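Enquirer: predicted model, plus sequence, below.
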Amino acid sequence: MPAGPLLSILIFLPAFGALALLFLRSDDHEWIRRLALSVSFAEFILSLWWLLRGVPLGSTGYKLEEFHQWISLGAHGGAAETYINYHLGADGISLFLVILTTFLTVVSILCSWNSIQKRVKEFFIMLLLLEVGVVGVFLSLDLFLFFLFWEVMLIPMYFLIGIWGHERRIYAAIKFVLYTMAGSILMLVGILWLYNATGTFDLPTIQNLLQSGTLALAPRTETLLFLAFFVAFAIKVPLFPFHTWLPDAHVEAPTAGSVMLAGVLLKMGTYGMIRFCLPLFPDASKKFATAIAVLAIIGIIYGALVAMVQPNLKKLVAYSSVSHLGFVVLGIFAFHAISMQGAVFQMLAHGISTGGLFLLVGMLYDRRHTFEISQFGGLATPMPRLAALFLFVALSSLGLPMLNGFVGEFLILLGTYQVHWGWAAWAALGVILSACYLLWSYQRVFYGDVTVEKNKALPDVSMRERVILATTAVIILWMGIGSTFITARTATASQSALDQMARPPRAFEAATPTSSQPDRTAVVPQDPSGTAKQNSLERLGTR
């Protein structure tokens, strides 16, 4: 691949598209939609072309890196000058999350083609700016830059829910922002603490300092830092019991907002756990692994049970996300290569299948302006194509073999079983329950007699909707059959996240404390013989 600002172009191309939209007349809805679609489609094609070529199969470390000194922070410690760096890079994990983001942005614009009729220009500007924030999060390798994009993402999502949402949109938008900001404050404190200890915000540099033993965190310090990062990510996932903002946000958001929220925004939490919690704080991760696994299993079963009794179809799909993301968290904190692979795959599969379910629910809402299951029934008669596609996407979500949902959940359960069979046994209940609530809801919505007179004349899917759903169905089937295309490219990065948890013995662990001193970072002297450095290099391999 040629060197150049490829990742910067991927991040900021939607921002230039949003800027171009400002020059169009507000009432020129057709060209506004065309320009937004053209920019998002170009972004998707570029992400496919550049990232799949730029991150070769089996490659280690970060590829397509961009590094520039950005903001001078003055002297720190022994350094005459320290900087916030503009540092970007991609690996096997961020590769597919960026592609998922760019694909779902195209889908979100297409599904909003006719349903958004007020403030059309502003709506598509917000969608493109949301894409900027999410892609930036997945490609940032500087902690400050990561936090900046993390916060940038909040603003357009707040407006998408608050302006174009449904009846309780203001309540849902404020709740979404307050929950996320609460976690962000904790993460910011942790980021500032790491800078104070290391003199840099650069993630690979901090990882190397910790892994080589140059910087060692005292147990209490590592625990507090882990919790600061983990709570922020757990809220975003959301992990039980931090999930209460999600159903409101999903139900009140427009269809495009729900697709982006379920498809990629929730994955920012699990991505953060893999990228930050495990490599930076391995001892604390292991210390809290059992508690986190229990919360994940509770979320799997609780989310499924609550989804089963929902009278609101969109809220049912929202609670299914709580259940499915519980599998991802469980796979991460099982610390097994197979379950980690499954967690990464499930992040992608959930983005496609649950995004597809929200698309289908949104299409029903466009026709009936309600999410209540009691207002449907027998819809397979007037809408046979939509009913068939809904069933296909629902089967992928419940984990039918040969579809994408099966691969991720199977790998997670397989890897988790080798670590703790009890966790896998309890989590497997979620697979059974997901079949119950999805198939039962499908039966009530599409089978039986048409009980509401309005439903008899409902139109089936249009050509635009057919293209969207057919593309989604093809991807679902391809991910289920050709899963090795993805797993072969995520394997090295997934294993790397586990390898980075290795640590040399800490200096203070061998010493007996003689007095009660404040818990602080221990900086371990360098080994004059270079043995420690050599061991670190051997552990890193060619990373």
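Expert: That came through fine.
Enquirer: okay, CA-based contacts and neighbour counts for the rest of this
Expert: Noted.
Enquirer: what does stretch 29-37 contact?
Expert: Applying C-alpha atoms under 8 Å, 6 or more residues apart in numbering, the external contacts of stretch 29-37 come out as 17-18, 21, 24, 106, 109-110, 113, 120-121, 124-125, 128.
Enquirer: just among these, which is most surrounded?
Expert: With neighbours taken as other C-alpha atoms under 10 Å, the top of the contacts of stretch 29-37 is Leu128, carrying 27 neighbours.
Enquirer: from the contacts of stretch 29-37, which two are the most distant?
Expert: Within the contacts of stretch 29-37, two members stand farthest from each other by C-alpha to C-alpha: Leu24 and Val106, at 20.0 Å.
Enquirer: centre of the chain to the host helix or strand of Ala394, how far?
Expert: For Ala394, the enclosing helix or strand under DSSP states H and E is helix 384-397. Taking C-alpha atoms, centre = their mean, to the nearest Å, one finds helix 384-397 lying 24 Å from the centre of the chain it belongs to.
Enquirer: tell me which residues in that helix are buried?
Expert: Leu386, Ala387, Leu389, Phe390, Leu391, Phe392, Val393, Ala394, Leu395, Ser396, Ser397 (16 or more other C-alpha atoms under 10 Å).
Enquirer: ok, stretch 397-406 next?
Expert: Residues Ser397, Leu398, Gly399, Leu400, Met402, Leu403, Asn404, Gly405, Phe406 are the ones in stretch 397-406 that count as buried (16+ other C-alpha under 10 Å).
Enquirer: looking at the residues you listed, which are in strands?
Expert: Per DSSP state E, strands hold no members of these.
Enquirer: want to throw these into CSV with distance to Lys456?
Expert: Output for those, formatted as CSV (distance: C-alpha to C-alpha, whole Å):
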residue, distance to Lys456
Ser397, 28
Leu398, 29
Gly399, 32
Leu400, 31
Met402, 34
Leu403, 32
Asn404, 33
Gly405, 33
Phe406, 35
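Enquirer: helices - which of these land there?
Expert: Applying DSSP state H to these, the entries found in helices are Ser397, Asn404, Gly405, Phe406.
Enquirer: thinking again about what came up before, what's the closest of the buried residues of helix 384-397 to Ile235?
Expert: Nearest to Ile235 among the buried residues of helix 384-397, counting by C-alpha to C-alpha, is Ser397 at 22.5 Å.
Enquirer: ok, that closest one touching His350?
Expert: Yes: here Ser397 lies in contact with His350, judged by C-alpha atoms under 8 Å, at a distance of 7.2 Å.
Enquirer: what do these two both touch?
Expert: Taking C-alpha under 8 Å, 6+ apart as the contact rule, Ser397 and His350 both touch Gly405.
Enquirer: show me where the stretch 401-543 of the chain has helices.
Expert: For the stretch 401-543 of the chain, the helices defined by DSSP state H, counting those that start in this stretch occupy 404-419, 421-446, 463-481, 484-499, 531-540.
Enquirer: likewise for the stretch 201-350 of the chain?
Expert: 203-212, 219-236, 245-252, 255-260, 267-272, 278-280, 282-287, 289-308, 313-332, 337-368.
Enquirer: got JSON lines for the buried residues of stretch 397-406, with pLDDT too?
Expert: Below are the buried residues of stretch 397-406 laid out as JSON lines (pLDDT from 0 to 100):
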{"residue": "Ser397", "pLDDT": "91"}
{"residue": "Leu398", "pLDDT": "89"}
{"residue": "Gly399", "pLDDT": "87"}
{"residue": "Leu400", "pLDDT": "90"}
{"residue": "Met402", "pLDDT": "90"}
{"residue": "Leu403", "pLDDT": "91"}
{"residue": "Asn404", "pLDDT": "90"}
{"residue": "Gly405", "pLDDT": "88"}
{"residue": "Phe406", "pLDDT": "91"}
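Enquirer: looking at these, which is nearest Arg53?
Expert: Asn404 (23.6 Å).
Enquirer: wait, that closest one sits on Gly351?
Expert: No: if you go by C-alpha under 8 Å, Asn404 and Gly351 don't touch, sitting 10.4 Å apart.
Enquirer: count the neighbours of Glu30 for me.
Expert: 10.
Enquirer: actually Leu127, not the one I wrote
Expert: 26.
Enquirer: any idea which helix or strand carries it?
Expert: Leu127 belongs to helix 120-139 when assigned by DSSP H and E.
Enquirer: in contact with the closest residue in space to His250 that isn't next to it in sequence, which residues?
Expert: Taking C-alpha to C-alpha, 6 or more residues apart in numbering, and ignoring the residues beside it in sequence, His250 has Ser258 as its nearest neighbour in space, at 5.3 Å. The contact partners of Ser258, taken as C-alpha under 8 Å, 6+ apart, are Ala249, His250, Val251, Gly355, Phe358.
Enquirer: can you give the contact residues for the longest strand along the chain?
Expert: Identified as the longest strand of the chain according to DSSP E is strand 63-76. Strand 63-76 has contacts (C-alpha under 8 Å, 6+ apart) with 3-7, 54-55, 80-91, 199.
Enquirer: list only buried entries from those residues.
Expert: By 16+ other C-alpha under 10 Å, the contacts of strand 63-76 give 6-7, 54-55, 82-91, 199 as buried.
Enquirer: what's the closest of these to Val189?
Expert: Among the buried ones among the contacts of strand 63-76, and counting by C-alpha to C-alpha, the member closest to Val189 is Gly199, at 14.8 Å.
Enquirer: pretty sure that closest one is in contact with Thr82, am I right?
Expert: Yes: counting by C-alpha under 8 Å, Thr82 is a contact partner of Gly199 at 6.6 Å.
Enquirer: report the central residue of the chain.
Expert: Lys267 (1.0 Å; C-alpha atoms, centre = their mean).
Enquirer: would you mind measuring from that residue to Leu46?
Expert: Lys267 sits 21 Å away from Leu46, going by C-alpha to C-alpha, to the nearest Å.
Enquirer: ok, now Pro5?
Expert: From Pro5 over to Leu46 the distance is 13 Å, taken as C-alpha to C-alpha.
Enquirer: Leu386 and Gln495, how far apart?
Expert: Leu386 sits 40 Å away from Gln495, going by C-alpha to C-alpha.
Enquirer: again with Ile476
Expert: 25 Å.
Enquirer: so between these two, which is more surrounded?
Expert: Neighbour totals were compared for Ile476 and Gln495, and Ile476 leads with 25 against 17 (other C-alpha under 10 Å).
Enquirer: surely the more buried one and Pro401 touch.
Expert: No: between Ile476 and Pro401 there is no contact under C-alpha under 8 Å: 11.3 Å.
Enquirer: rewinding a little: tell me which entries of the buried ones among the contacts of strand 63-76 lie within strands.
Expert: The members of the buried ones among the contacts of strand 63-76 that map onto strands under DSSP E are Thr82, Tyr83, Ile84, Asn85, Tyr86, His87, Leu88, Gly89, Ala90.
Enquirer: looking at these, which is nearest Thr214?
Expert: Using C-alpha to C-alpha, Thr82 comes nearest to Thr214 of those, at 18.3 Å.
Enquirer: just give me the neighbour total for Ile352.
Expert: The burial count for Ile352: 28, using other C-alpha under 10 Å.
Enquirer: do the same with Leu360
Expert: Using other C-alpha under 10 Å, Leu360 has 23 neighbouring residues.
Enquirer: kindly report the same for the one 4 residues further on.
Expert: By the measure other C-alpha under 10 Å, the count of residues near Leu364 is 21.
Enquirer: show me the contacts for it.
Expert: Thr370, Phe371.
Enquirer: quick one: mean pLDDT over stretch 194-205.
Expert: Mean per-residue pLDDT for stretch 194-205: 88.
Enquirer: pLDDT at Ala511, what is it?
Expert: Listed pLDDT for Ala511 reads 47.
Enquirer: circling back: what would the helices of the stretch 201-350 of the chain look like in TSV with distance to Arg169?
Expert: Putting the helices of the stretch 201-350 of the chain into TSV (distance: least, C-alpha to C-alpha, whole Å) gives the following:
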stretch	distance to Arg169
helix 203-212	37
helix 219-236	19
helix 245-252	5
helix 255-260	12
helix 267-272	23
helix 278-280	36
helix 282-287	36
helix 289-308	21
helix 313-332	14
helix 337-368	16
